[in-house]
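Peer 1: Just need the structure, nothing else, for what follows:
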Amino acid sequence: MAKRERVMRMSVEQPLWRALSAYRVLTMCYAIGLFVSAYDEFPRPEVAIAFLSVLFVWTLATLPKVANEASCTKRFLAADLTVALTGILLTPVADSHDRIVTGGPTLPSIWTAGSVLAFAIKGGWRWAAFASTLVGIANVVQRGALSQDTLHNVLLVWVASIAIGYVVEVARASERTLARALEIEATTRERERLARDIHDSVLQVLAMVQRRGSALGGDAAELGRMAGEQEVALRTLVSGGIPPSRVSEDATQGALVRAIDEPDDSDETEDTPRDLRTLLTPYATAKVTFSEPGAPVLLPPSTAKELAAAVGAALDNVHRHAGETARAWILIEDEPDTVIVTVRDDGPGIPEGRLAQAEGEGRMGVALSIRGRLRDIGGTAELISIPGQGTEVELRAPKH
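Peer 2: Numbering: from 1, shown residues only. As a prediction, the model looks like this:
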């Protein structure tokens, strides 16, 4: 089975959770430091010691809870806010009234803001407004009046938390939009891949049945007509959309677009280089001349397979459009970092604008089977055609 799984993980809010964890630890240490520096001014220091001991244990024990959105549950947020509010309301019990009136800090000090920020990151600005309002009310109660300093601190926490909550909501919406864009891109890639496979097999068979049926006449002509109708319907389906074999998720740590594993019919492992010469040799016939280097042209299996399929699509176009007597030449050039394969014919060439017209009609031989394949492996395909002088297709593919 070919390992084709690719995971793109995005999480714009994950750094906020890490910052919140650090903030809670630092502000817990700051609250303890404030108490130690003013220990002699506390009339009942044992109350402060008891609360700060609980705050110390709570902060360290709940670090995993603020590691990401999934672990930060509503129950934890309620308990965390309760600890903050309890510390604010216990301040008048532990501290003197004079210190409180003159603007002394509460027992949890600025640690309380971390609890409010957890609400903001988890639930957005509405949750932040709810938590910061409760904190504001608790501050007014423990002060006994709405002073200018108290109002300033309450408004600062309220505005900052709501702003952060709003930013988080916008970031999540942007993340969902990006996930959708990646899903659409994955769908397009899958449609192009399936379209190439269909073009190389089913569509060509239906086109051949249509031509042969029309030439034979009778019942075969009716069969050819039906084959032509099915070819048109299938081309329309290919051009319009094919369900993707990919999954888009919006996980707790970011949006994901994941390509699932697909079976590989090849016996070669994905890490075993393939000799491009062996894949192109079967194309050599009495009308197709194949020129190859004397040494192996080793490429990653997926690159060699897609490059050979693109050569096959180019030769198929020669057989179908250049006439029965047209000859073709395949040339491999092995450069240090690039392999160049040139497919040239001596047919009548392609009229100007014909490729764009064919693509509009759903005929994706050049757009998907050639250019699409080379684009998927990081290469390029250039087509040069002069009416009356044949067509040359140059395929460039990286070796790594």
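
Peer 1: same for the longest helix seen in the chain, what does it pack against?
Peer 2: In the chain, taking DSSP state H as the definition, the longest helix is helix 148-198. Applying 3 or more C-beta pairs under 8 Å, 6 or more residues apart in numbering; DSSP states H and E, one finds that helix 148-198 contacts helix 111-123, helix 125-143, helix 219-240, strand 246-251, strand 254-259, helix 373-376. (C-beta placed from N, C-alpha, C; glycine too.)

Peer 1: does the residue lying farthest from the centre of the chain count as helix, strand or coil?
Peer 2: Computed with C-alpha atoms, centre = their mean, the residue of the chain farthest from its C-alpha average is P43, at 58.7 Å. With DSSP: H, G, I helix; E, B strand; the rest coil as the basis, P43 sits in coil.

Peer 1: Tell me how many other residues crowd the residue nearest to it when sequence neighbours are not counted.
Peer 2: Spatial nearest neighbour of P43, excluding adjacent residues (C-beta to C-beta, 6 or more residues apart in numbering): S96 at 5.4 Å. Per other C-beta atoms under 10 Å, the neighbour tally for S96 reads 14.

Peer 1: what residue ranges in the stretch 301-400 of the chain are flagged as low confidence?
Peer 2: Applying pLDDT under 70 to the stretch 301-400 of the chain picks out residues 353-368.

Peer 1: And the helices in it?
Peer 2: 301-321, 354-360, 373-376 (DSSP state H, counting those that start in this stretch).

Peer 1: Restrict the longest one to CA atoms and write it as PDB.
Peer 2: So that's helix 301-321. What follows is helix 301-321, C-alpha atoms only, in PDB (Å, rounded to 0.1, in the frame of the first residue of the first chain):
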ATOM      1  CA  PRO A 301       8.600   5.400  -8.200                       C
ATOM      2  CA  SER A 302       5.800   7.900  -8.200                       C
ATOM      3  CA  THR A 303       7.700  10.400 -10.400                       C
ATOM      4  CA  ALA A 304       8.700   7.700 -12.900                       C
ATOM      5  CA  LYS A 305       5.200   6.300 -13.100                       C
ATOM      6  CA  GLU A 306       3.600   9.700 -13.700                       C
ATOM      7  CA  LEU A 307       6.200  10.700 -16.200                       C
ATOM      8  CA  ALA A 308       5.800   7.500 -18.100                       C
ATOM      9  CA  ALA A 309       2.000   8.000 -18.100                       C
ATOM     10  CA  ALA A 310       2.400  11.500 -19.400                       C
ATOM     11  CA  VAL A 311       4.600  10.200 -22.300                       C
ATOM     12  CA  GLY A 312       1.900   7.600 -23.000                       C
ATOM     13  CA  ALA A 313      -0.700  10.400 -23.100                       C
ATOM     14  CA  ALA A 314       1.400  12.400 -25.500                       C
ATOM     15  CA  LEU A 315       1.900   9.400 -27.800                       C
ATOM     16  CA  ASP A 316      -1.900   8.700 -27.700                       C
ATOM     17  CA  ASN A 317      -2.500  12.200 -28.900                       C
ATOM     18  CA  VAL A 318      -0.100  11.500 -31.800                       C
ATOM     19  CA  HIS A 319      -1.900   8.300 -32.800                       C
ATOM     20  CA  ARG A 320      -5.300  10.000 -32.600                       C
ATOM     21  CA  HIS A 321      -4.600  13.400 -34.100                       C
END
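
Peer 1: hmm, back to that, the longest helix of the chain - what's its average pLDDT?
Peer 2: In this model, helix 148-198 carries a mean pLDDT of 78.

Peer 1: how distant is that helix from the center of its chain?
Peer 2: The chain centroid and the centroid of helix 148-198 are separated by 13 Å, computed with C-alpha atoms, centre = their mean, to the nearest Å.

Peer 1: just the angle between it and helix 111-123, please?
Peer 2: Orientation note: helix 148-198 sits at an angle of 30 degrees relative to helix 111-123 (axes from the mean of the first three to the mean of the last three C-alpha atoms, to 10 degrees).
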